[in-house]
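Q: Build me a structure from this.
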Amino acid sequence: MFSKKSYAQQNGIAMIEFAIMLPLLLLFFLGTLEFGLLYYNKQVITNATREGARSGITGKNDDKIIEMVGDYIENAIFLTLGTDDYSTKKISASEDGNGNYIVSVNYEYSYLLLGVFTEFFKVKLEPINVNTQTIMKMEPGST
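A: Numbering: from 1, shown residues only. You can find the predicted model right below:
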């Protein structure tokens, strides 16, 4: 069915096909990892606001809550690859006057893995804005 001559003429075709498909496979793989990192960071920020709100409803100082939430995020999150640039993080904590304590975190997620891939192709990706807010009722007598 296949002669040696026609089969031998296909040397290198698989390598060319692989070279064409490799960038697409890398994009899919890195995109999946990037989404996982983004989801993990969102969960860490959500947990940090929850812990801050739990401490805030007992009447702790707002500045201490903000510091605690910031420390929680910096210790648990995978924001940057080897750099300590947390400047795009904004934390607020306060009582709203209706017996609720609100802790909010706003963070701009810059791509960690896809950023390297897109720089090669001269594509600029805008950061993703990750917002989390936790509201809890104040403990009686904690104000």
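
Q: Distance check, the spatially most central residue of the chain against Glu51.
A: Residue closest to the mean C-alpha point of the chain, counted by C-alpha atoms, centre = their mean, is Leu38 at 2.9 Å. According to C-beta to C-beta, to the nearest Å, Leu38 stands 21 Å off from Glu51. Where you see a C-beta, it was placed from the backbone N, CA and C, and this is true even at glycine.

Q: re earlier: quick check: the residue nearest to the centre of the chain touching Tyr109?
A: Yes - contact criterion C-beta atoms under 8 Å: Leu38 and Tyr109 qualify, at 5.7 Å.

Q: Can you pull the residues that touch both of the two?
A: Overlap of the contact sets of Leu38 and Tyr109 (by C-beta atoms under 8 Å, 6 or more residues apart in numbering) consists of 128, 130.

Q: Tell me the first helix or strand C-terminal of the lowest-mean-pLDDT helix or strand in the chain.
A: Lowest by mean pLDDT, DSSP states H and E among the helices and strands of the chain is helix 4-8, with a mean of 59. On the C-terminal side of helix 4-8, the closest following helix or strand by DSSP states H and E is helix 13-56.
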